[in-house]
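1. have a look at this fold, sequence not included:
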């Protein structure tokens with residue numbers, strides 16, 4: 001691994017927040033709960049076929065959501081998200097959003113790779129009975145872990161949907177703030193124009209009064 005790739009990974013990991021957000025995530029906890037009800041799937045071989053049929057479509061959906069985020073909004077909106085925080089060690093909002101999408105992509109790719117490895121390692125041969133028993137027990141634990149990653153990849157689709165919706169809300173707030181600033185500027189300009197017109201009328205009135213006084217004299 002090159003130094004550049006290490007730097008990118010470290011920046012991603014810091015932007016995402018490390019392991020803590022994963023284990024505290026509602027979607028991860030939901031995946032663990034669902035995994036308990038899927039005993040009949042991952043306790044037997046060929047569970048990986050379900051992963052092969054689902055994950056590629058999810059990965060495409062995630063990449064599409066990432067593309068929507070990158071191209072969403074205008075230049076001012078993107079610049080406001082990428083504006084650095086006061087603390088230089090704190091990542092910008094834009095980098096945090098990107099790190100979240102990258103995390104979901106990593107989870108889905110991991111689920112697919114685990115399914116490939118599991119299918120590749122599944123074969124039948126003559127083993128001693130104790131080895132067969134140990135392998136069956138190991139397969140159960142391995143299947144539980146791999147299928148939990150797969151379920152986390154599924155629940156992360158909900159997170160991606162809410163993620164895109166959160167971005168849309170932020171863009172709406174950004175647009176409303178711009179429109180409000182434009183309205184305030186328009187009111188200010190109208191007020192300034194009204195004051196200028198009032199000042200002009202006062203000067204004309206003062207000139208008219210001076211002219212009348214001159215005529216009286």
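-> On my side now, so go ahead. It should be emphasised that the depicted structure is a prediction, and the values quoted were computed from it without experimental measurement.
2. counting by contacts, list what the helix or strand containing residue 36 packs against.
-> Using DSSP states H and E, residue 36 sits within helix 26-37. Contact here means 3 or more C-beta pairs under 8 Å, 6 or more residues apart in numbering; DSSP states H and E; on that basis helix 26-37 packs against helix 129-216. C-beta: built from backbone N, CA, C; applies to glycine.
3. count the neighbours of residue 158 for me.
-> By other C-beta atoms under 10 Å, 12 other residues sit near residue 158.
4. give me the angle between the helix or strand harbouring residue 57 and helix 129-216.
-> Using DSSP H and E, residue 57 falls within helix 48-70. With axes from the mean of the first three to the mean of the last three C-alpha atoms, to 10 degrees defining the directions, helix 48-70 sits at 20 degrees from helix 129-216.
5. for helix 48-70, which positions count as buried?
-> 48, 51, 54, 55, 58, 59, 62, 65, 66, 69 (16 or more other C-beta atoms under 10 Å).
6. got a list of what the third one touches?
-> Applying C-beta atoms under 8 Å, 6 or more residues apart in numbering, we find residue 54 in contact with 150, 154.
7. one more time with 7 Å
-> For residue 54, the contact set (C-beta atoms under 7 Å, 6 or more residues apart in numbering) is empty.
8. and it, how far from residue 78?
-> 32 Å (C-beta to C-beta, to the nearest Å).
9. ok, the last one next?
-> The span separating residue 69 from residue 78 equals 10 Å under the rule C-beta to C-beta.
10. doesn't residue 79 make contact with residue 92?
-> No: counting by C-beta atoms under 7 Å, residue 92 stays clear of residue 79, with 10.3 Å between them.
11. ok, those two, which is more surrounded?
-> For residue 92 versus residue 79, neighbours defined as other C-beta under 10 Å are more numerous around residue 92 (15 against 11).
12. next one: phi and psi at the more buried one?
-> Here is the backbone geometry of residue 92 (degrees, to the nearest 10): phi -70, psi 160.
13. quick check, pLDDT for it.
-> pLDDT for residue 92: 78.
14. ok, now which ones touch it?
-> By C-beta under 7 Å, 6+ apart, the contact list for residue 92 reads 81, 82, 83, 84, 85.
15. give me the secondary structure label for the third one.
-> Put simply, residue 83 is coil when judged by DSSP: H, G, I helix; E, B strand; the rest coil.
16. ok, for residue 81, nearest residue in space, not its chain neighbours?
-> Spatial nearest neighbour of residue 81, chain neighbours left out: residue 94 (3.9 Å); criterion: C-beta to C-beta, 6 or more residues apart in numbering.
17. one more: residue 109?
-> Take residue 109 and drop its neighbours on the chain: the residue closest to it by C-beta to C-beta, 6+ apart is residue 59, 7.1 Å away.
18. next: residue 61.
-> In space, residue 61 is closest to residue 157, 6.6 Å off (C-beta to C-beta, 6+ apart).
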